[in-house]
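Engineer: The sequence isn't on hand, but the structure is:
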């Protein structure tokens, strides 16, 4: 083959690999956006996807083989290009539940990633290995995207800083009393309960949805905090130490709440002790703290805060003498404040979350009679054990799809057993629980075993936790690829007198 023909062929390989990298980029940019632009997450999801099925594994091996061989035979780079363009199987370009939103930040990230891809190809070409470099860049698209996330992070932080400064000035001008809420789980529900209980007495603004990070809370203040607002209820989330402390520096909470601590985001925190340390940052600036006292780690924090001179409200589901106790009693709940019975509640909500909200309301001076009246109209948090009729005269549906953790899943299963009509089928539809780190497999296997032990049927959705769930479930579990199939299965299989719990839901950037 002549040198000119060889050069032309090399250019063709590079071009095809670049095109395949572009297709891959659309997939992995969507993952980056859905995972909050955190460096490292794209590579982690890529590994999950390539190992999700034997077909994807075979395609990944073919792509890797093409890369290795392309160093000697450039034509092998076409195999890598095909693998990258087609795979991993089932990870769509557009997304069924979470399509790309081409925001300014995503466009910036995409541009940085393209520059890195081009730099790898250019460097390889300089050293006479253009086709192999192009194949490597295509196959390494997730890793290069993680590198782009790391490179653009300082810029994004600087840009958000301007909005934070504006939000801090607006907070200082309006001067609301700030209630900050965090927890491994329960924080969104508790935030909503606090806002509801206070709204009959104060002008209240609560951070919407899960706007619980630096950018989201700045946006809440800048766009939704109206003049005259008396109380701002701010949900605070974190993926690591220092994040909540930074939020508190410019938000200055008067009351801080920790609803619970559990094995959530262990992929990032590694240990629950690290989670406690990160969540505890919310307590430092507050004059008053509300803590779920049934957790020994939070009880220890309560003791520490009390010794530091802070006002402490201890919330319990077990101790009637706690500052606020909301305990199960028959078909409802009993609310006690410092040992005295205040009300009986007929609510199907998590008692600890209600207790934390009650403590905040009482601390801010809401009249107990007003408080009890508003508890009677406490709204159900969307997708958190929310009863949803699937059709007239059909089965009972409990929607608990917002999130899932080991404790919450057990509570949801108990609710299914309690509310299900006698004699009917009981079904749990779930993709399992995620972000549990090294405990994920075992926790999902235990969940499946609990479902089986309760006499309920299990429907496993997706591949993310399929092996773990089937390991804990008896033979006969139904296996489906995505939630739409599960909904269709429920409509076809279940009828009047049956009950189904949809426990957790994963967007389609998960396998």
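Structural biologist: All right, it came through fine. This one's a predicted model, so the numbers in the text were calculated from it and none came from an experiment.

Engineer: and residue 189, what helix or strand is that in?
Structural biologist: helix 187-198 (DSSP states H and E).

Engineer: Next: residue 180.
Structural biologist: Counting by DSSP H and E, residue 180 is found in strand 177-182.

Engineer: Below-threshold pLDDT in this protein: ranges please.
Structural biologist: Scanning the chain for pLDDT under 70 picks out the ranges 1-6, 266, 348, 389-393.

Engineer: go again using 80 as the cut-off
Structural biologist: Within the chain, the segments meeting pLDDT under 80 span 1-9, 98, 209-210, 263-270, 330-331, 347-349, 380-394, 403, 474-475.

Engineer: angle of the helix holding residue 189 against strand 177-182?
Structural biologist: Counting by axes from the mean of the first three to the mean of the last three CA atoms, to 10 degrees, helix 187-198 lies at 150 degrees to strand 177-182.

Engineer: other SSEs contacting the following helix or strand past helix 187-198?
Structural biologist: Next helix or strand after helix 187-198 toward the C-terminus (DSSP H and E): strand 204-206. Contact here means 3 or more CB pairs under 8 Å, 6 or more residues apart in numbering; DSSP states H and E; on that basis strand 204-206 packs against helix 187-198, strand 231-235. Quick note: C-beta positions are derived from backbone N, CA and C, even for glycine.

Engineer: Select, out of those, the one closest to residue 352.
Structural biologist: helix 187-198 (8.4 Å; CB to CB).

Engineer: which non-adjacent residue is nearest residue 424?
Structural biologist: Spatially, and ignoring its direct neighbours in sequence, residue 424 is nearest to residue 497 (3.7 Å; CB to CB, 6 or more residues apart in numbering).

Engineer: element containing the one you found, please.
Structural biologist: Counting by DSSP H and E, residue 497 is found in no helix or strand.

Engineer: Do a quick rundown of the helices in the stretch 401-511 of the chain.
Structural biologist: Under the criterion DSSP state H, counting those that start in this stretch, the stretch 401-511 of the chain carries helices at the ranges 406-419, 440-453, 466-472, 483-493.

Engineer: Mind listing what's buried along the host helix or strand of residue 118?
Structural biologist: For residue 118, the enclosing helix or strand under DSSP H and E is helix 104-126. Using 16 or more other CB atoms under 10 Å as the test for burial, helix 104-126 gives 105-106, 109-110, 112-114, 116-117, 120-121, 124-125.

Engineer: Also stretch 149-169?
Structural biologist: For stretch 149-169, the neighbour count (16+ other CB under 10 Å) marks 149, 152, 156, 160, 163-164, 167-168 as buried.

Engineer: neighbouring contacts of the helix holding residue 118?
Structural biologist: For helix 104-126, the external contacting residues (CB atoms under 8 Å, 6 or more residues apart in numbering) are 14, 18, 21, 25, 29, 32-33, 37, 100, 130, 132-134, 136-137, 140-141, 144-145, 147-149, 151-152, 155-156.

Engineer: any idea of the angle the helix or strand following that helix forms with helix 104-126?
Structural biologist: Scanning forward in sequence from helix 104-126 by DSSP H and E, the next helix or strand is helix 130-139. Orientation of helix 130-139 against helix 104-126 (the same axes, to 10 degrees) gives an angle of 150 degrees.

Engineer: Can you turn the buried part of the contacts of helix 104-126 into a PyMOL selection?
Structural biologist: Typed into PyMOL, the line below selects the buried ones among the contacts of helix 104-126, using 16+ other CB under 10 Å:
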select buried, resi 14+18+21+25+29+32+33+37+100+130+132+133+134+136+137+140+141+144+145+147+148+149+152+156
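
Engineer: Among the contacts of helix 104-126, name the ones in helices.
Structural biologist: Using DSSP state H, 14, 18, 21, 25, 29, 32-33, 130, 132-134, 136-137, 141, 144-145, 147-149, 151-152, 155-156 are the members of the contacts of helix 104-126 that sit in helices.

Engineer: circling back to that earlier point, kindly calculate the angle that the helix holding residue 189 makes with helix 406-419.
Structural biologist: Going by the same axes, to 10 degrees, helix 187-198 makes 60 degrees with helix 406-419.

Engineer: can you tell me which residues contact the residue most central in space within the chain?
Structural biologist: Nearest to the geometric centre of the chain sits residue 403, at 6.6 Å (CA atoms, centre = their mean). Counting by CB under 8 Å, 6+ apart, residue 403 makes contact with 185, 504.

Engineer: I'd like the distance between it and residue 161.
Structural biologist: Here residue 403 is placed at a distance of 29 Å from residue 161 (CB to CB, to the nearest Å).

Engineer: And the strands in the stretch 301-450 of the chain, which stretches?
Structural biologist: 311-316, 324-329, 332-337, 340-345, 386-387, 396-400, 426-430 (DSSP state E, counting those that start in this stretch).

Engineer: Contacts made by the fourth one with the rest, please.
Structural biologist: Contact partners of strand 340-345, identified using CB under 8 Å, 6+ apart, comprise 326, 329, 332-336, 354, 368, 371-372, 375-376.

Engineer: Among these, name the buried ones.
Structural biologist: Of the contacts of strand 340-345, these count as buried by 16+ other CB under 10 Å: 326, 333-336, 354, 371-372, 375.

Engineer: Nearest to residue 256, out of those residues: which one, please.
Structural biologist: Distances from residue 256 to the buried ones among the contacts of strand 340-345, taken by CB to CB, are shortest for residue 354, at 18.0 Å.

Engineer: List the residues that contact that closest one.
Structural biologist: 193, 326, 333, 335, 345, 347, 375, 378.
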